[in-house]
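>>> Here's my sequence, what's the structure:
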Amino acid sequence: MSENALTALSPAQPPAPETDSPLILALPKGRILKAAAPLLHRAGIVPGPDFNDEKSRLLRFETNDPGIDVVRVRSFDVATFVAFGGAQVGICGADVLMEFDYPEIYAPLDLGIGGCRISIAQPRDRSGQEDNPNRLSQVRVATKYPSLTRRHFAARGINASIVHLHGAMELAPVLDLSHLIVDLVDTGSTLRANGLEETDVIAHVTSRLIVNRTALKTQPERITALINRFRTALASPPAQAKDHTA
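Numbering: from 1, shown residues only. Modelled structure (predicted):
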């Protein structure tokens, strides 16, 4: 998918939010949230103390800025919250944007965090065999990215039959559920531990700041100001640890 498609990603248009209500910033749970924490701090956004309490059942949190609240949701749901107007702004992996391709979403900034890749993998003991999937007209693929996977293989003249899984992807070829998997890969250690190897990289992924297009039109000053806070944060070097040695 082209960079232009990622940065110009627009379901029913959400109603214009009240301008005196806080903007909602949707944040993904997990590793991206940890990577985003320093960036949020440099942007001057500090969620309340309950935000970092793993025992807290709250999902929406006030911040030090009365004009911004944050919500903590599954990484795959951030784009949906923003596309349908539940949140005006979010931080979302490019893999999710490519999978859902919501036209309601505008992605103005690459935050450069959460770096990984979407890869194709297969069992090591099948590499080089005559039934190499790249030579077939049809292949069965286990993935949590059905749309992205179909598009990738269709562009190569291959019909991908999808086994839609949300986890334990590496088991699918081992247990003959699929020939291949398409999954997010960081170090590749999980693949190797389960006897798989990468055969192709579909896309390199980082996280993006995403915005609801209607919110940008109805509240341009507030949304633009928030975008600029993140832009400034990206340009600011991370704080260096102080050396307290004599």
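
>>> Excluding chain neighbours, give the residue nearest to the residue nearest the centre of the chain in space.
Residue closest to the average C-alpha location in the chain (C-alpha atoms, centre = their mean): Gly93, at 1.8 Å. Spatially, and ignoring its direct neighbours in sequence, Gly93 is nearest to Ser207 (5.2 Å; C-beta to C-beta, 6 or more residues apart in numbering). Backbone N, C-alpha and C define where each C-beta goes, glycine included.

>>> Report the buried residues of the helix ranked longest in the chain.
Counting residues, the longest helix found in the chain (DSSP state H) is helix 220-235. Neighbour-count burial for helix 220-235 flags 222-223, 226-227, 229-230, 233-234 (criterion: 16 or more other C-beta atoms under 10 Å).

>>> So which of those is the closest to Asn52?
Relative to Asn52, the closest of those is Ala233; by C-beta to C-beta it sits at 19.2 Å.

>>> so the closest one makes contact with Ala36?
No. Assessed by C-beta atoms under 8 Å, Ala233 is found out of contact with Ala36, at 10.3 Å.

>>> low pLDDT regions in this structure?
Within the chain, the ranges that satisfy pLDDT under 70 run 1-19, 127-135, 239-246.

>>> Apply 80 and report the result again.
Low-confidence segments of the chain (pLDDT under 80): 1-20, 54-55, 126-136, 237-246.

>>> show me what contacts the residue nearest to the centre of the chain?
By C-beta atoms under 8 Å, 6 or more residues apart in numbering, Gly93 lies in contact with 28, 32, 75, 114, 205-208.

>>> Got the domain ranges for the chain?
The domain map for the chain lists 3-114+206-235, 116-205, with the assignment taken from automatic domain parsing.

>>> Okay, the closest residue to Gly30 other than its chain neighbours and Ala193: tell me how far apart.
Leaving aside its sequence neighbours, Gly30 sits nearest to Ser75 (C-beta to C-beta, 6+ apart; 6.1 Å). Going from Ser75 to Ala193 by C-beta to C-beta, to the nearest Å gives 23 Å.

>>> Which strands and helices lie in contact with the top strand by length along the chain?
The single longest strand within the chain, with elements called by DSSP state E, is strand 196-205. If contacts are counted by 3 or more C-beta pairs under 8 Å, 6 or more residues apart in numbering; DSSP states H and E, strand 196-205 sits against helix 94-100, strand 116-123, strand 180-185.
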